[in-house]
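Visitor: coords please:
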Amino acid sequence: MDGAVAATPSPDPCSSSQEAVLVCTEAHLLKEGRWSGQVHGRDVVVFHHQGGCYTMDRICHHAGGPLEDGDIEDIAGHACIVCPWHKIKITLDTGESLYRAIDPATIKQRPPRTRWTSKGVKQRMHTAEVRDGNVYVTLSNTEQKVDSDYYYSEEYKKLVSASKRGTT
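Guide: Residues are numbered from 1 along each chain as shown. The predicted model follows:
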């Protein structure tokens, strides 16, 4: 076995949406650096980076890109996953989307200086926990909506269904 396992609920007695789910072995995560799959019907990705585990929605908030295929880069002191489709930068620890903004104090300079700025939390973050050599994921329970939630909405499901029928 390569350490990847089918996501299955742990024996912990929790409510179904908050139940920790075994997703892979710690050895697999350390070797591969990431794991992606479904937890309670939600596509998630777990990254191992510099000793930490970070879990978020697998589908990029911007345009649905596959975050598990992105590179991790340091952006202004933040570890970020870079979406392979449009190079959107998302912090691993908070889910904030970062972009380069013009520093208003240098607007008349040519070229003006830029700085990394947050658009706010755009990617749904979840929790990963390592126990007894296994990695467990618990989905976020916050009610606050973030942009990546769109890919789990009824609106999106209808759009996908219509496109499969050729009626978009």
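Visitor: can you map out the strands along this structure?
Guide: Taking DSSP state E as the test, the strands found in the chain are 4-9, 21-25, 34-39, 42-49, 52-57, 71-75, 78-82, 89-91, 96-102, 114-121, 125-131, 134-138.
Visitor: to Lys158, which of these lies closest?
Guide: strand 42-49 (18.0 Å; CB to CB). Glycine gets a C-beta too; all of them are placed from N, C-alpha and C.
Visitor: and the closest one, what does it pack onto?
Guide: strand 21-25, helix 26-32, strand 34-39, strand 52-57, strand 134-138 (3 or more CB pairs under 8 Å, 6 or more residues apart in numbering; DSSP states H and E).
Visitor: reformat these as JSON lines; add distance to Trp85, mean pLDDT and mean neighbour count.
Guide: Compiled in JSON lines, the helices and strands packed on strand 42-49 are given as follows (distance: least, CB to CB, whole Å; pLDDT from 0 to 100; neighbours: other CB atoms under 10 Å):
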{"stretch": "strand 21-25", "distance to Trp85": "24", "mean pLDDT": "98", "mean neighbour count": "22"}
{"stretch": "helix 26-32", "distance to Trp85": "21", "mean pLDDT": "97", "mean neighbour count": "16"}
{"stretch": "strand 34-39", "distance to Trp85": "15", "mean pLDDT": "97", "mean neighbour count": "20"}
{"stretch": "strand 52-57", "distance to Trp85": "15", "mean pLDDT": "97", "mean neighbour count": "22"}
{"stretch": "strand 134-138", "distance to Trp85": "24", "mean pLDDT": "98", "mean neighbour count": "23"}
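Visitor: I'm done for today, thanks for sticking with me.
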